[in-house]
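S.K.: This is the structure alone, sequence omitted:
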């Protein structure tokens, strides 16, 4: 089967491990992430990948409804897939899901579970135009600092889907519950997974 990856795009495991995600990734000219974004997003997720995986397993109901609505065997691209929790939903399970994330350590968790993933930034997803039936970006946009970069992520999602394809962008609410309540809820759920 032909790879949906653009020529020369690194698959997880092809990197030599000598550079952090923020050092290894080169954005298109003019769309480089700021040093703040590199430090507090790229480098942070590389450092916390195992913890993130243990605590980010519950699927958001709105995203699950979107995935449930996809036809069987629809190809899904998850931009900013993290540990791939949406890639392993029954409607989108490999080989019908491709994940893209800037964090190679998170993507290694995806591939260990049998998922297909590529290192890349949402502003320049290393996949061919129109490769997918659907694309999602769940809890991604608030990690992108510059307005131009956020708009480019949205353009990339549209570029990835076939004509008539569907895109879901899911963002956190402007107002969240009290932090103490959130920590207590997630701590109680730790150890349970949806895989």
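M.R.: Thanks, I have it. It should be emphasised that the depicted structure is a prediction, and the values quoted were computed from it without experimental measurement.
S.K.: now stretch 168-184: mean pLDDT?
M.R.: Confidence for stretch 168-184, expressed as mean pLDDT, is 68.
S.K.: tell me which element residue 148 falls in.
M.R.: When secondary structure is defined by DSSP states H and E, residue 148 falls within helix 147-160.
S.K.: try residue 99
M.R.: With DSSP H and E as the criterion, residue 99 is inside strand 97-101.
S.K.: Please name every helix or strand in contact with whatever helix or strand comes next after that strand.
M.R.: Using DSSP H and E, the helix or strand that directly follows strand 97-101 along the chain is helix 104-112. Helix 104-112 is packed against helix 21-24, helix 44-55, strand 97-101, strand 116-119, with contacts defined by 3 or more CB pairs under 8 Å, 6 or more residues apart in numbering; DSSP states H and E. (Each C-beta comes from the backbone N, C-alpha and C, glycine too.)
S.K.: mind listing what's buried in the longest one?
M.R.: Buried residues in helix 44-55, counting neighbours by 16 or more other CB atoms under 10 Å, are found at 44-46, 49, 52-53.
S.K.: what does stretch 126-134 give?
M.R.: With burial defined by 16+ other CB under 10 Å, the residues of stretch 126-134 counted as buried are 126-128, 131-134.
S.K.: and of those residues, the nearest to residue 70?
M.R.: Residue 70 has its nearest neighbour among these in residue 134, at 5.6 Å by CB to CB.
S.K.: Name the nearest of the buried residues of helix 44-55 relative to residue 165.
M.R.: residue 45 (27.3 Å).
S.K.: The closest one contacts residue 52, doesn't it?
M.R.: Yes: the pair residue 45 and residue 52 passes the contact test of CB atoms under 8 Å, sitting 6.7 Å apart.
S.K.: Find residues that contact each of these two.
M.R.: Among the neighbours of residue 45, those also in contact with residue 52 (CB atoms under 8 Å, 6 or more residues apart in numbering) are 82, 106.
S.K.: if I read this right, residue 68 contacts residue 92, doesn't it?
M.R.: No: taking CB under 8 Å as the definition, residue 68 is not a contact partner of residue 92, at 9.8 Å.
S.K.: any idea which of the buried residues of stretch 126-134 is least confident?
M.R.: Of all those, the model is least confident about residue 126, whose pLDDT is 91.
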